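1. no sequence for this one, just the structure:
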């Protein structure tokens, strides 16, 4: 541990970076556990949410929008396709590309998954009042904006080098 300006050693519990990491790990693990009964992981949830807003997008367009390597996108879409949540169709404007569409099962699953996410967030923020919640979100958005990551995209999905974080914390080999 390093010392502060007075020479005293700062405990980890007084360091923002440690607390954010500790909370992030706990929140990621508990969110993954809550989504597991639905048969999806947090990365699947994020991609399904994006697809809901941009249905019919090509794999490449989705990868670009999310800042995800195309190989990672293929793996995620393969997972969702195996689960019966998305289907690839020939893109109407480009025969070489696939348009990605949600299935009826995904349309049924998404409201339940959003409900899980909402309840999880409510529990995480239960000790904060509405003003504190708004302030926390604003500060976190400002900090996240400094990372260079696209808003709403978890950096574990990037897959540039080494193992990916595919469930906001658990490791797997790159696809």
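-> Sure, I can see it. Fair warning: this is a prediction, and the values are worked out from it, not measured in the lab.
2. any idea how far residue 22 is from residue 31?
-> According to CB to CB, to the nearest Å, residue 22 and residue 31 sit 15 Å apart. From N, CA and C alone the C-beta is placed, and that goes for glycine too.
3. who has more neighbours, the two?
-> residue 31 (21 against 13; other CB atoms under 10 Å).
4. isn't the more buried one right up against residue 118?
-> No. With contact defined as CB atoms under 8 Å, residue 31 and residue 118 do not form a contacting pair (11.4 Å).
5. I'd guessed residue 120 sits against residue 34; true?
-> Yes. With contact defined as CB under 8 Å, residue 120 reaches residue 34; the gap is 5.6 Å.
6. all helices for the protein, in order.
-> 16-35, 42-53, 59-66, 70-82, 104-124, 130-145 (DSSP state H).
7. and those as TSV, adding distance to residue 88?
-> Output for the helices of the chain, formatted as TSV (distance: least, CB to CB, whole Å):
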stretch	distance to residue 88
helix 16-35	23
helix 42-53	12
helix 59-66	8
helix 70-82	7
helix 104-124	13
helix 130-145	31
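8. and residue 125, how many neighbours?
-> Residues within reach of residue 125, counting by other CB under 10 Å, total 14.
9. contacts only, for it.
-> 133, 136 (CB atoms under 8 Å, 6 or more residues apart in numbering).
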